[in-house]
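*Asks:* using only what follows, build the 3D model:
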Amino acid sequence: MKSRIILIFVLFFLMWMGIILRGSYLQLVADSRLEELKKKQFETMLTIRSRRGAIFDRQGSELAATVLAYSLFADPKIIKHPKRAARRLGKYLDLSWREIYKKIKNRRRRFVPLRRHLNKTQRTLISKWKVRGLGFIEEPRRIYPNKSLLASTLGFVGNEGHGLEGLEHHYNNYLQGKIVRVHLPRDARGRPLLDDGNFYDQVSDGSDVYLTIDNQLQYLLERELKVTQEKYQAKSAVGVILDVRTSGVLAIGQSPGFDLNEARKFPQELRRNRSVTDAFEPGSTMKTFVMASALNYKIAQPNTYIDCEGGRIKVGRRTIREADSRHKFGKLTASEILAYSSNVGIAKLAFKVGEKRLHQTLREFGFGSRTQVDLPGENQGILHSPPWNQHLLANISFGHGVSTTPLQIAAAYGAIANGGIWRQPYLVKRIVFEDTKKEVVLPERKQRRVLSQDHAAILTLMLTNATSSLGTGHNARVKGFPVAGKTGTAQKVNLVSGGYEKGAYISSFAGFIPANDPRFVIYIAIDSPQGNYYGAQVAAPVFARLASFAVRKTGLSPVLLSEQDIISKKTEDFDVEKKKKVLLEIEQSLSLGKDGVTPNFVGMTLREVVRRLRGTDIKINFRGTGVVASSKPAAGEPLKPGQRLYLQLRSAEVKVK
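*Replies:* As a prediction, this is how the structure comes out:
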């Protein structure tokens, strides 16, 4: 008996010693495996996302904001009547009750998400049902108060709060703020033990982004594009408005649009920002830059005559024609070529400039390269490097054989309006850190001189005459303010089979206002309008309405259209006397002028001739009907007040080449 007691004592002693030694080992000797196990059992990690920064327009109006939303979930194990709950939720949330029932009938599951981003009203109503097993999780939700306004530019965020498109994507690192992970102890049931919730306040929100966008101009632009698209049953319409002095984007829009709050319900084709992603042949708006090259290389002046050879010339085996078969132009001045939008005249000027010099000019104006605007997905367009054959050179001169984006064209016209300096367009004015209220230092924006001040002033005067009553851009005029600009009508390329789509055109207008002291550059393009399709008929009136609102909104005073008003407030280096001389040359190229020279009336209607000669005391005799086939005196010959002008008219069908 005694030996048994001793044996049991020894066994218990050894057992306790083993436990003590093991406990000492566990307490005193580090074991990473056990440390990890302890963390899993008694600690949890809480991920805290900061509030995403807001996006504002230039006046401080919110364009994108983050609000508190609620996500509905279910605990199937404690829902007593799952079918009844599913029917009620399905009816209220407009969901399939059968799908909800499939999710919540499995009682082995403890957490089933049902619907994200419910508002406070929805949360309150569902809570009043007192259905045990339904609960809510608070989470941030991105909203866009203006719905479709600036949609393709703003972009949107995904379910996890990351920017997916547009500015939301491009500036995501600033907007999303920081993601903080906090280690917390938890009890035996796995619930976090929160002794102090102050760490929530220590998480900095995302930075706020302020844009160059003018909310009112943006709204009007999108409204005008929508109205015009619907009126002409066009496929789409795009527009850009820039601040001449800075190249800040005041408005950039398109039609059709989409609701940003439901962005993923719309196809990618509708969401893409056409002003930067879509490149197309610009048509006659490109003629302005051929003229800029001719001025720069001293090939032509506003009153330089070019023989347009009756409206057609042979280039190799091909024939270059005017867009309107009624136009049988003879000799035109360079200013008239731009005003009447002569294909033959601008092609012959391009031949004189030459492919290398024209290519260099176009590159300097930004064609064939990205503007590097702060938006994703920008297209650089197409501008092939020389050598070009003569036919390609002619095509490029009137905007075919080259592709550009709307933003590239707007920026290029902005360079002319800005006295010859091209400035990089941009959308973000400033970014403010939420915690320090300091501004982010943004990259320096590029700028370069592409045209001398003298030539920019001359070209501005020529573009002003292109919007006169006799120019193709007369529908872009704004009462009380001189407008400089150019129309464009380009056949649309068939991207599937090649060549051009039959009867499909891009109608456009590019210009700036006021011409004497430019403040706004506006570019409008309408894709495949039905019925009328000339840029002068479709796009120019849109420019006029937008420009009229812009100058009056800014409080600019109307301008008296005298010599001094047109040439004042331009560059100091281009002296007033030189401006007066250039203006006189341009006036003489478009009217009788002081020397009494007969203009080129060929291709005009009788009404256009009468309007042009109004106030000159010239008597008109005519024969036939239609448009002017010839005149006596002929173009360039003397025509004095009181003299008689003989016109021969003939009928002509309109054919677009």
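*Asks:* I'd guessed Tyr500 sits against Ser528; true?
*Replies:* No: using C-beta atoms under 8 Å as the test, Tyr500 is too far from Ser528 to be in contact (11.9 Å). For every residue, glycine as well, the C-beta is placed using N, CA and C.
*Asks:* hey, what's in contact with both of the two?
*Replies:* Lys492 (C-beta atoms under 8 Å, 6 or more residues apart in numbering).
*Asks:* between those two, who's got more neighbours?
*Replies:* Shown here are Tyr500 and Ser528; by other C-beta atoms under 10 Å, Ser528 has more neighbours (18 against 14).
*Asks:* for the chain, longest helix please?
*Replies:* helix 2-28 (DSSP state H).
*Asks:* what is the rounded mean pLDDT of it?
*Replies:* Helix 2-28 carries an average pLDDT of 79.
*Asks:* with stretch 463-478 instead?
*Replies:* Mean pLDDT, stretch 463-478: 90.
*Asks:* who's in contact with it?
*Replies:* Outside stretch 463-478, the residues that touch it by C-beta under 8 Å, 6+ apart are 284, 288, 335, 338-341, 416, 482-487, 509, 511, 513, 515, 534-537, 540-541, 543-544, 547-548, 551, 566, 586-587, 589-590, 608, 611-612.
*Asks:* among those residues, which ones are buried?
*Replies:* Neighbour counting with 16 or more other C-beta atoms under 10 Å marks 284, 288, 335, 338-341, 416, 482-487, 509, 511, 513, 515, 534-537, 540-541, 543-544, 547-548, 551, 566, 586-587, 589-590, 612 as buried within these.
*Asks:* before we move on, the earlier item: what about the contacts of stretch 463-478, which are in strands?
*Replies:* Among those, the members falling in strands (DSSP state E) are Ala484, Gly485, Lys486, Thr487, Phe509, Gly511, Ile513.
*Asks:* between these, which is nearest Ala412?
*Replies:* Lowest distance from Ala412 to the ones in strands among the contacts of stretch 463-478 (C-beta to C-beta) belongs to Lys486, with 11.1 Å.
*Asks:* dump the residue contacts of the closest one.
*Replies:* Counting by C-beta under 8 Å, 6+ apart, Lys486 makes contact with 284-285, 287-288, 338, 341, 463, 466, 472-473, 509-511.
*Asks:* one more pass at 10 Å, please.
*Replies:* Lys486 makes contacts with 282-289, 291, 338-339, 341, 399, 409, 413, 462-463, 466-467, 471-473, 476, 508-511, 535, 540, as judged by C-beta atoms under 10 Å, 6 or more residues apart in numbering.
*Asks:* with Arg274 instead?
*Replies:* By C-beta under 10 Å, 6+ apart, Arg274 lies in contact with 152, 236-239, 252-255, 280, 379, 405-407, 525, 527.
*Asks:* check Ser284 too.
*Replies:* When contacts are counted by C-beta under 10 Å, 6+ apart, Ser284 touches 323, 338, 341-343, 346, 397-400, 466, 472-473, 486-490, 508-510, 534-536.
*Asks:* number of residues surrounding the closest residue to Asn119 other than its chain neighbours?
*Replies:* Leaving out its chain neighbours, the residue that sits closest to Asn119 by C-beta to C-beta, 6 or more residues apart in numbering is Ala69, at 6.7 Å. Number of residues near Ala69 (other C-beta under 10 Å) recorded here: 20.
*Asks:* the strand or helix carrying Ala69 - what's its average pLDDT?
*Replies:* Assigned by DSSP states H and E, Ala69 belongs to strand 62-74. The average pLDDT for strand 62-74 rounds to 87.
*Asks:* check which residues of that strand are buried.
*Replies:* By neighbour count with 16+ other C-beta under 10 Å, strand 62-74 contains the buried residues Leu63, Ala64, Ala65, Thr66, Ala69, Tyr70, Ser71, Leu72, Phe73, Ala74.
*Asks:* from the middle of its chain, how far away would it be?
*Replies:* Relative to the chain's own centre, strand 62-74 is displaced by 28 Å; criterion: C-alpha atoms, centre = their mean, to the nearest Å.
*Asks:* tell me the helix or strand right after it.
*Replies:* Following strand 62-74 toward the C-terminus (DSSP H and E): helix 82-93.
*Asks:* got a list of contacts for that following helix?
*Replies:* Contacts for helix 82-93 (C-beta under 10 Å, 6+ apart): 72, 74, 76, 79, 81, 95-107, 114-115, 118, 122, 125-126, 129, 131-134.
*Asks:* again with stretch 293-300
*Replies:* Taking C-beta under 10 Å, 6+ apart as the rule, stretch 293-300 contacts 290-291, 301-302, 304, 306, 333-335, 337, 346, 348-354, 357-362, 364-365, 397, 420, 450-452, 454-456, 458-459, 462.
*Asks:* and it, end to end?
*Replies:* 9 Å (C-alpha to C-alpha, to the nearest Å).
*Asks:* got it, and stretch 363-379?
*Replies:* Termini of stretch 363-379 sit 15 Å apart (C-alpha to C-alpha).
*Asks:* let me know how buried Arg552 is, in neighbour terms.
*Replies:* Neighbourhood size, Arg552 [other C-beta under 10 Å]: 13.
*Asks:* any idea of the pLDDT on it?
*Replies:* 92.
*Asks:* find the nearest non-adjacent residue to Lys331, please.
*Replies:* Closest to Lys331 by C-beta to C-beta, 6+ apart is Tyr305, at 4.9 Å.
*Asks:* list the contacts for that neighbour?
*Replies:* Tyr305 makes contact with Gly330, Lys331, Leu332, Thr333, Ala334, Glu336, Ile337, Gly345, Ser589, Asn600, Ala635, Gly636, according to C-beta under 10 Å, 6+ apart.
*Asks:* count of neighbours near the third one?
*Replies:* Around Leu332 sit 25 other residues, with neighbours defined as other C-beta under 10 Å.
*Asks:* try the first one
*Replies:* A total of 19 residues lie near Gly330 under the criterion other C-beta under 10 Å.
*Asks:* i'd like the first residue to be 42 from this point on
*Replies:* Sounds good: first residue 42 from here, last item Gly371.
*Asks:* just checking, it touches Asn641?
*Replies:* Yes: at 5.7 Å, Gly371 and Asn641 qualify as touching, with contact defined as C-beta atoms under 10 Å.
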